[in-house]
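Colleague: task: produce atomic coordinates for the following.
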Amino acid sequence: MTDGLIAATALAAEGGADQSGRSLVKVTVNLVPRSVRALELACGRTRDTKTDTINRALVAYHLVLDLIDHGDGSLTLRNTDGSLERVHLI
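Modeller: Below you'll find the predicted structure:
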């Protein structure tokens, strides 16, 4: 399922137009301190802009919701040491 996330992230990065034909939509959000810190950490690790990071997070969140709705509700992750770990989404 990782391939789906990569493809979805690549699609989001291309900046395709939404259903109304607009290519960008401006949104104002209020982040709680925990989310602000997570955004800062993610931007620091990837060197992406806040906009790019939020766009990718929304694509990933959509994928998680699809997995919950249509999959078995779990992800199997391969750790750097080769071991597998199953994460159940509730």
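Colleague: element containing Thr76, please.
Modeller: For Thr76, the element it lies in under DSSP states H and E is strand 74-78.
Colleague: try Ser35
Modeller: With DSSP H and E as the test, Ser35 turns up in helix 33-46.
Colleague: for the one residue sitting closest to the centre of the chain, what is the enclosing helix or strand?
Modeller: For the chain, the residue nearest the mean C-alpha position is Ala60 (2.4 Å; C-alpha atoms, centre = their mean). Assigned by DSSP H and E, Ala60 belongs to helix 50-70.
Colleague: from the contact counts, what lies against that helix?
Modeller: helix 2-13, helix 33-46 (3 or more C-beta pairs under 8 Å, 6 or more residues apart in numbering; DSSP states H and E). Every residue, glycine included, has its C-beta placed from N, CA and C.
Colleague: any stretches of the protein with poor pLDDT?
Modeller: 1-22 (pLDDT under 70).
Colleague: relative to Thr76, how far out is Arg37?
Modeller: Distance of Arg37 to Thr76, computed by C-beta to C-beta, to the nearest Å: 28 Å.
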